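>>> The sequence and its predicted three-dimensional model are supplied below.
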Amino acid sequence: DQYYVEHPDDLFGRPHEAALVNVSNPHVLRPHLGCAAYELPLTEKDAGMFGPRTSQVVGEMLADGELRERRDRHWWASTRPPAPDVNIRSAGGRPFRIVERETGRLVGSADTARAYQELHPGAIYLHQGETYRVVDLVIEDRVALVGRAPRNEYTQAGVDHDLVVLSEDASSVIGPAGLHVGLVEVTDRVTGYQRKRLPDHMVIEQHDLDLPPQTLVTRAVWYTIDEGLLHGALEPLGVDLELVLGSLHAAEHASIGILPVFAMCDRWDIGGLSTPLHPDTDMPTWFIYDGHPMGAGICDHAFEVAFEHLSATRDRVAACPCEAGCPSCVQSPKCGNFNEYLHKQGALAVLRLLTGG
C-alpha cells in the first residue's frame with residue numbers, strides 16, 4: 001500500500017498486474033477437468049484448451065475411477081457434480097471449516113496452508129469485523145471451533161521452516177548475485193504463538209504448541225550472493241552474524257511485500273526463507289516460494305521480472321521514513337520468527353548490491 005502511495009502512476013497509469021494460473025499444475029488441472037467432463041465429455045481436441053498435461057491427468061483420473069471412457073470420449077463417472085468440492089481460491093485441498101462453538105454457525109473457512117498458523121488453539125481470528133478465539137482445532141475433521149473474543153488483542157504464530165531444493169529449472173544473474181527458479185519442498189511446523197495487545201503491540205504472553213508439520217512441494221525463486229560480496233556491502237554497518245541474518249531476513253520480507261505489485265497475489269499466497277548459508281546452495285540465500293502446491297506461476301513470474309521487482313523493493317525500503325524498520329517496509333504480519341533479527345539498513349545495502357541505486 002505504501003508503495004502505491006509513493007508511486008501513484010503505477011496504480012493509475014501502468015497495465016494491470018499479471019493474473020497467473022499455472023494450468024500445468026495437476027492440483028489445478030485435475031479438478032477443473034472433472035468439472036468440464038461433467039458438463040460435456042472430454043475429447044482429444046480438449047488438450048488444445050487445457051494444455052499439454054491433459055492426456056496424462058485424464059489417464060490418472062480414469063485409473064482412479066473419476067472418469068469413464070466410451071467411444072473415445074471421457075465422461076464424469078459419478079452422478080454427483082464435482083464443482084462443490086473444487087476450491088477456486090486455493091489448490092491446497094479441502095478447506096478447514098470455522099464453526100462458532102455456542103451456536104454451530106459456520107463463520108468461514110481457511111485453506112490447509114493457512115489453517116495451522118491462523119486457526120491453532122488460542123489464535124485470534126478476525127471475520128467481517130468480529131473477533132473470535134479458536135477454542136479447538138480438530139484436524140481429522142478439518143474444523144476449528146471458535147468463541148467470541150475481546151477486540152484489544154491479536155495473536156502471531158511462531159513457525160520453524162525448512163526448505164530443500166528439489167530441482168533448479170533456470171538460472172540467471174541479477175547484478176553480482178545469482179538468480180534461480182525451480183522446485184522446492186517446504187516443511188513448516190507451528191511451534192507456538194504470542195498474544196499481543198492493541199494498539200501498542202506489547203506481548204501479553206507466549207504459548208508453546210505441538211502441531212504436526214506440513215510439507216509443501218512448490219515453486220520458488222531464490223537469490224544467492226557470494227559471501228565476500230555480501231560482507232563487503234555490509235562492512236560500513238559492522239559485519240557480524242546478527243547483521244547478516246537481519247539483512248537477508250529484512251530483504252526477504254520487503255521483497256515478499258512488494259511482489260503483489262507485479263503479480264496478482266496476496267502476501268499470504270507466498271512465503272519466504274533466508275539464511276546466511278543454505279546447504280543446497282552453499283551461499284547466503286533468500287527464497288520466495290509459492291504457497292500453493294506445485295505453484296500458481298507467481299515465482300516463475302518473479303524470476304522474469306526480478307530486476308524490476310527488487311528495484312521497487314529497494315525504493316520502498318529507502319523511502320520509508322522509519323528508523324529501524326516497520327510494517328510499511330521490512331516487518332511482516334506473517335513472520336514465523338515474530339519479526340526478530342531484522343536490519344533495515346542492511347536490507348537496503350543488500351538490495352542496492354543486487355540492483356544498484
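Ah, there it is.

>>> Who are the contact partners of Pro234?
Actually, residue 234 is Leu. It isn't Pro. Counting by C-beta atoms under 8 Å, 6 or more residues apart in numbering, Leu234 touches 243-244, 247, 346, 349-350. For every residue, glycine as well, the C-beta is placed using N, CA and C.

>>> List buried residues within those.
Among these, those classed as buried by 16 or more other C-beta atoms under 10 Å are 243-244, 247, 346, 349-350.

>>> pLDDT below threshold where in the stretch 51-200 of the chain?
87-93 (pLDDT under 70).

>>> now the helices for it?
54-63, 112-118 (DSSP state H, counting those that start in this stretch).

>>> would you turn the ones you listed into CSV with distance to Pro260?
Formatted as CSV, the helices of the stretch 51-200 of the chain follow (distance: least, C-beta to C-beta, whole Å):
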stretch, distance to Pro260
helix 54-63, 29
helix 112-118, 16
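
>>> what's the most buried one of those?
helix 112-118 (a mean of 21; mean count of other C-beta atoms under 10 Å).

>>> Pull out the buried positions in the strand or helix carrying Ser311.
According to DSSP states H and E, Ser311 maps onto helix 306-319. Judged by neighbour count using 16+ other C-beta under 10 Å, the buried positions of helix 306-319 are 306, 309-317.

>>> Can you tell me which helices and strands it packs against?
On a contact count with 3 or more C-beta pairs under 8 Å, 6 or more residues apart in numbering; DSSP states H and E, helix 306-319 meets helix 2-6, strand 153-174, helix 241-258, helix 344-355.

>>> now that helix, how far from the chain's geometric center?
Averaging C-alpha positions (C-alpha atoms, centre = their mean, to the nearest Å) puts helix 306-319 19 Å from its chain's average.

>>> Make TSV from the contacts of Leu234 and add pLDDT to it.
TSV is the format used below for the contacts of Leu234 (pLDDT from 0 to 100):
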residue	pLDDT
Leu243	96
Val244	97
Ser247	97
Gly346	97
Ala349	97
Val350	98
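
>>> Look up phi and psi at Ile298.
With angles defined as degrees, to the nearest 10, Ile298 sits at phi -70, psi -50.

>>> quick revisit: of the buried ones among the contacts of Leu234, closest to Leu119?
Ser247 (32.8 Å; C-beta to C-beta).

>>> wait, isn't the closest one in contact with Arg352?
No. Assessed by C-beta atoms under 8 Å, Ser247 is found out of contact with Arg352, at 11.3 Å.

>>> Contacts only, for the residue nearest to the spatial centre of the chain.
Residue closest to the mean C-alpha point of the chain, counted by C-alpha atoms, centre = their mean, is Ile270 at 1.8 Å. Ile270 makes contact with 256, 259, 288-291, 298-299, according to C-beta under 8 Å, 6+ apart.

>>> What segments of the protein are strands?
Assigned by DSSP state E, the strands in the chain fall at 67-70, 73-76, 96-100, 106-110, 124-127, 130-138, 143-148, 153-174, 177-197, 203-208, 214-224, 270-275, 285-290.

>>> Just the angle for the helix holding Ser311 relative to helix 241-258, thanks.
Calculated by axes from the mean of the first three to the mean of the last three C-alpha atoms, to 10 degrees, helix 306-319 forms an angle of 110 degrees with helix 241-258.

>>> what is the mean pLDDT for helix 306-319?
Average pLDDT, helix 306-319: 96.

>>> residues making contact with that helix?
2-3, 6-7, 172, 174, 179, 221, 223, 250-251, 254-255, 257-259, 261-262, 302, 328-330, 344, 347-348, 351-352, 354-355, 357.

>>> Output that helix as CSV, nothing but the C-alphas.
Only the C-alpha atoms of helix 306-319 are listed here, as CSV (Å, rounded to 0.1, in the frame of the first residue of the first chain):
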residue,chain,number,x,y,z
ALA,A,306,13.4,-9.9,-10.9
PHE,A,307,15.2,-6.6,-11.6
GLU,A,308,12.0,-4.5,-11.6
HIS,A,309,10.7,-6.3,-8.6
LEU,A,310,13.8,-5.9,-6.4
SER,A,311,14.3,-2.3,-7.7
ALA,A,312,10.8,-1.4,-6.4
THR,A,313,11.6,-3.2,-3.2
ARG,A,314,14.8,-1.2,-2.8
ASP,A,315,12.9,2.1,-3.4
ARG,A,316,10.2,1.2,-0.9
VAL,A,317,12.7,0.5,1.9
ALA,A,318,14.8,3.6,1.1
ALA,A,319,11.7,5.9,1.1
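
>>> Just grab the bridge partners of the residue nearest to His301 when sequence neighbours are not counted for me.
Of all residues not flanking His301 in the chain, Ala263 sits nearest, at 4.9 Å (C-beta to C-beta, 6 or more residues apart in numbering). Beta bridges link Ala263 to Ala18, judged by DSSP bridges.
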